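Colleague: Provide a 3D model corresponding to the input given below.
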Amino acid sequence: MKLKQIFIITCLLFITFTGGYAQSRTDFTSTGVTMSGLMNNGKWSDYSKFKKTEVPITIDFEKNRIIVYSELEQVYRIAEYYPEQEKGDDYINFFKCLSNDGETTDITIKTSKNANISQMYIKDKTRVLVYNMKKIK
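Modeller: Have a look, this model is predicted:
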């Protein structure tokens, strides 16, 4: 009887641990990217046309970081979390981050309530990148 109880407790702990871990990390693949840059006159340029991409993106809340595995790997350490907001058909999450260079970067993720589609906005002092993303199941 004791062995059976230990087995059940071990299984419950395993399920609890793996369930919590799965929620702390989310993997996406990017389907497109566009960019706007800060011009000499202090205004932002129009966004370029979306370029097709297949870039893996990981949001890891356990390690407080967001990683974009583009040609040059972009790693952002999450310094501040802000409460999720709802606007129309979207959920919006906002993070204040630090890049590998120590530069403050704002990251906003908009997720559609009706579709498995998200957009991630990465804004620093000189540019804004927008990635269209699909969640990897």
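
Colleague: and the most centrally placed residue in the chain, what's its pLDDT?
Modeller: Note on the chain: the residue nearest the mean C-alpha position is Ile59, at 4.3 Å, using Cα atoms, centre = their mean. Per-residue pLDDT puts Ile59 at 94.

Colleague: same deal with Lys137?
Modeller: 70.

Colleague: can you give me the neighbour number for it?
Modeller: Counted with other Cβ atoms under 10 Å, residues neighbouring Lys137 total 5. (Glycine included, C-beta is placed from N, CA and C.)

Colleague: below-threshold pLDDT in this protein: ranges please.
Modeller: 1-23 (pLDDT under 70).

Colleague: the longest strand in this protein is where?
Modeller: Taking DSSP state E as the criterion, the chain has its longest strand at strand 25-37.

Colleague: parallel or antiparallel, which strands does it pair with?
Modeller: strand 51-52 (antiparallel), strand 56-60 (antiparallel), strand 127-135 (antiparallel) (DSSP bridges).

Colleague: contacting residues around the longest one?
Modeller: Looking back up the chat, that one is strand 127-135. 26-38, 44, 47, 50, 53, 55, 57, 68, 116-123 (Cβ atoms under 8 Å, 6 or more residues apart in numbering).

Colleague: now swap in the first one and tell me
Modeller: Applying Cβ under 8 Å, 6+ apart, the contact partners of strand 51-52 are 31-34.

Colleague: isn't Ser24 up against Glu62?
Modeller: Yes. Counting by Cβ atoms under 8 Å, Glu62 is a contact partner of Ser24 at 4.1 Å.

Colleague: can you give me the buried ones in stretch 62-80?
Modeller: Neighbour counts over stretch 62-80 (16 or more other Cβ atoms under 10 Å) mark 65-68, 74, 76, 78 as buried.
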